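**Student:** Let me see the structure of the following:
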Amino acid sequence: MLNWKQPSGSMKIKITKSFSNKLNKQVDYIAKDKPAAARKFKNDVLAEIKSVSNMPYRNRKSIFFDNNDIREFIFKGYIIVYRINKLKNLIEFFGFTKYEEKPF
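**Tutor:** Modelled structure (predicted):
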């Protein structure tokens, strides 16, 4: 699980173990052929995740959940899903999927 310190005014970010495992599995797969591309992919995903902390509602409501506080965005064909917890000032990233029939 990763937690980042965010600038004041932005929400904290938490990455669940299941999200991290799926991301690392994909990075390992990419690294088999292109290690540099795998590192760039992971860094780009993490940078995109960090950018959500300032405006967590900028992305669409999740198509997988009927909850306005669960949002998602598409990054290079992958759907990244997160939950906004206003009471804890926290954004929790828990979904990372592509072409899965039942991802959650």
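**Student:** Tell me where this protein has helices.
**Tutor:** With DSSP state H as the criterion, the chain has helices at 17-31, 35-51.
**Student:** okay if I get the ones you listed as CSV plus distance to residue 77, mean pLDDT and mean neighbour count?
**Tutor:** Just so you know, the C-beta spots here come from the backbone N, C-alpha and C atoms, and that holds for glycine as well. Below are the helices of the chain laid out as CSV (distance: least, CB to CB, whole Å; pLDDT from 0 to 100; neighbours: other CB atoms under 10 Å):
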stretch, distance to residue 77, mean pLDDT, mean neighbour count
helix 17-31, 11, 96, 15
helix 35-51, 11, 96, 14
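**Student:** Contact partners for the residue in the chain sticking out farthest from the centre?
**Tutor:** Here the centre of the chain is the reference, and by CA atoms, centre = their mean the most remote residue is residue 33, at 23.8 Å. Going by CB atoms under 8 Å, 6 or more residues apart in numbering, residue 33 touches no other residue.
**Student:** How about residue 84?
**Tutor:** Residue 84 touches 11, 56-57, 69-71, 90-91, counting by CB under 8 Å, 6+ apart.
**Student:** Restricted to buried residues, select those in PyMOL.
**Tutor:** Only the buried members of the contacts of residue 84 enter the following PyMOL selection, criterion being 16 or more other CB atoms under 10 Å:
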select buried, resi 11+56+70+71+90+91
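**Student:** Lowest-confidence member of the contacts of residue 84, which is it?
**Tutor:** Least confident entry in these, by pLDDT: residue 11, with 92.
**Student:** give me every residue that touches that one.
**Tutor:** 53, 56, 84, 89-91 are the contacts of residue 11 under CB under 8 Å, 6+ apart.
**Student:** Looking at these, which one is closest to residue 44?
**Tutor:** Taking CB to CB as the measure, residue 44 sits nearest to residue 53 out of the contacts of residue 11, at 16.2 Å.
**Student:** Next, count neighbours for the closest one.
**Tutor:** Residue 53 has 18 neighbours, counted by other CB atoms under 10 Å.
**Student:** burial of the nearest residue to it once chain neighbours are set aside, as a residue count?
**Tutor:** Ranked by CB to CB, 6 or more residues apart in numbering and with sequence neighbours excluded, the top spatial neighbour of residue 53 is residue 10, at 4.0 Å. For residue 10, the neighbour count with other CB under 10 Å is 18.
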